[in-house]
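Compute the structure for the input listed below.
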Amino acid sequence: MITEKNTLCKEERLNSKKSIEMLFSGNAKSFSAFPLRVVFMPVNAAQNIPAAILISVPKKRFKRAVKRNRIKRQIREAYRKNKHCLLQLLQGQQNGLLMAFIFMDSELHPSSEIENKLKELLDRIRERIKRTE
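The predicted structure follows:
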């Protein structure tokens, strides 16, 4: 069960191979706010977790794991701080949401910029969910 704290528990991370394949099978929606791209798909909520995320930083763009991990940490932190708006919308619904955040640039960006872009993506996802209700 998700608490009201700004945490990112293990259940909120997308790690099921089956779910990941389903997300990238072509039925999902996606859009970008450079340097981030989000791929998302509504699914039946399982285990009382309304949203699960996956973060990807391509090895092709960042050879060093230190830089890839830094970007993943920035995205995780931005999501953790701003997920509450999206989760409030999903609480009343029976559908959950699978999301994958993909970093597209080959340059490092400050955390504040990544957080602003992630907020923009989350707002667009919320608008899309509201329209489909």
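
where does the protein dip in pLDDT?
Scanning the chain for pLDDT under 70 picks out 1-4, 45-48.

in it, which spans are helices?
Here the chain has its helices, by DSSP state H, at 17-23, 65-82, 84-91, 111-132.

For residue 100, which residues are in contact?
14, 20, 23, 24, 38, 39, 40, 53, 54, 55, 56 (CB atoms under 8 Å, 6 or more residues apart in numbering). C-beta here means a position set from N, CA and C on the backbone, and glycine is covered the same way.

Serialize those residues to a markdown table and add fields for distance to residue 32.
Listed next are the contacts of residue 100 as a markdown table, based on distance: CB to CB, whole Å:
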| residue | distance to residue 32 |
| --- | --- |
| 14 | 19 |
| 20 | 20 |
| 23 | 16 |
| 24 | 16 |
| 38 | 8 |
| 39 | 10 |
| 40 | 12 |
| 53 | 16 |
| 54 | 16 |
| 55 | 15 |
| 56 | 14 |
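
I'd like the helices of the chain as TSV, with distance to residue 33 and mean neighbour count appended.
Output for those, formatted as TSV (distance: least, CB to CB, whole Å; neighbours: other CB atoms under 10 Å):
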stretch	distance to residue 33	mean neighbour count
helix 17-23	19	13
helix 65-82	12	16
helix 84-91	15	15
helix 111-132	4	16
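
Could you point out which of these sits nearest residue 34?
helix 111-132 (7.3 Å; CB to CB).

before we move on, the earlier item: just the buried residues out of the contacts of residue 100, in ChimeraX syntax.
The ChimeraX command for the buried members of the contacts of residue 100 (criterion: 16 or more other CB atoms under 10 Å) is given here:
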select :14,20,23,38,39,40,53,54,55,56
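
Which of the contacts of residue 100 lies at the shortest distance from residue 89?
For these, the minimum distance to residue 89 (CB to CB) is 12.9 Å, reached by residue 40.

Test my guess that that closest one contacts residue 24.
No - the criterion here is CB atoms under 8 Å, and residue 40 misses it with residue 24 at 11.3 Å.

quick revisit: show me the contacts of residue 100 that map onto strands.
Cross-referencing these against strands under DSSP state E gives 38, 39, 40, 53, 54, 55, 56.
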